[in-house]
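Q: sequence isn't available, so here's the structure alone:
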Ligand SMILES: Nc1ccn([C@@H]2O[C@H](COP(=O)(O)OP(=O)(O)OP(=O)(O)O)[C@@H](O)[C@H]2O)c(=O)n1
Ligand SMILES: C[C@](O)(CO)[C@H](O)COP(=O)(O)O
């Protein structure tokens, strides 16, 4: 895959505690086959020819990362993450700004180990069509319902233009760092990089990605991720 000019720095928010998983360790360190979820995710990013650096944001008390073989990879750097995912991403972006502010950030959840190079290539390849940046996403397939506080259906939501936002999310480092830091300073709820860009008036592109690029969140996601990994 040739990416012509752009330098790409991957950012991996990996400072979460995995509370919804309810495991005895942060979910990114749970085993998936022969290695941990985070190790799989790092392997995909470190092996991509267009990614020149990988910055992983870690929990301040992380005791696991240094045991990963990937921790010694020459392309890998680590920073201390923050209280929320967006804070961890911003900490990594601040570091990326000191490396190459003209590069692009490819932000990918540690908890999405099933990512494939074909999807990274699609996203990078969308740069000409979406110079403002873009995200991998999956069109909604099911009928979508909105509920009230009692779990009763209030209405059916038109699904034709609804997407599941995935990662990686791909933006110019300077613009993303600026907009994310401004949005967080304004106490805006930011759950992905695109929402910070949207808050600043940008309309990111949507690039259709594989539905097996799941985020391991709940216990039953582990078996699904293992199945998808076995087919990659
Ligand atoms: N303060 C945080 C919170 C989350 N993350 C990372 O952001 C990704 C997506 O977040 P999520 O799936 O919510 O992970 P957790 O926050 O660990 O899960 P939970 O919400 O169940 O605690 C994960 O790779 C997680 O490690 C992070 O870097 N810093
Ligand atoms: C970034 C993300 O994976 C896109 O769907 C999602 O917003 C992360 O949410 P989480 O609650 O931090 O897992």
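A: Nice, thanks for sending it over. Computed from a predicted model, the values in this text were never measured in an experiment. Residues are numbered from 1 along each chain as shown. Ligands and ions are numbered 1, 2, ... in the order given.

Q: show the pLDDT at whatever residue of the chain ends up closest to ligand 1.
A: Proximity of the chain to ligand 1 (CB to the nearest ligand atom) peaks at residue 16, 2.1 Å away. All C-beta atoms are positioned from the backbone trio N, CA, C, and that covers glycine. Residue 16 carries a pLDDT value of 98.

Q: the spatially closest residue to it that is not a sequence neighbour: neighbour count?
A: Leaving out its chain neighbours, the residue that sits closest to residue 16 by CB to CB, 6 or more residues apart in numbering is residue 26, at 6.3 Å. Using other CB atoms under 10 Å, residue 26 has 26 neighbouring residues.

Q: my guess is residue 26 meets residue 13, correct?
A: No - Residue 26 is beyond contact range of residue 13, at 12.0 Å (criterion: CB atoms under 8 Å).

Q: quick one on the thing from earlier: what residues are up against the residue of the chain closest to ligand 1?
A: The neighbours of residue 16, taking CB atoms under 8 Å, 6 or more residues apart in numbering as the test, are 26, 27, 28, 59, 85, 88, 110, 111.

Q: over to residue 120?
A: Contact analysis of residue 120 by CB under 8 Å, 6+ apart lists 1, 44, 45, 48, 50, 51, 106, 168.

Q: repeat for residue 143
A: 156, 159.

Q: distance of it relative to residue 209?
A: 22 Å (CB to CB, to the nearest Å).

Q: now do residue 71
A: 28 Å.

Q: if you count what's nearby, which of these two comes out ahead?
A: Neighbour totals were compared for residue 71 and residue 209, and residue 209 leads with 25 against 16 (other CB under 10 Å).
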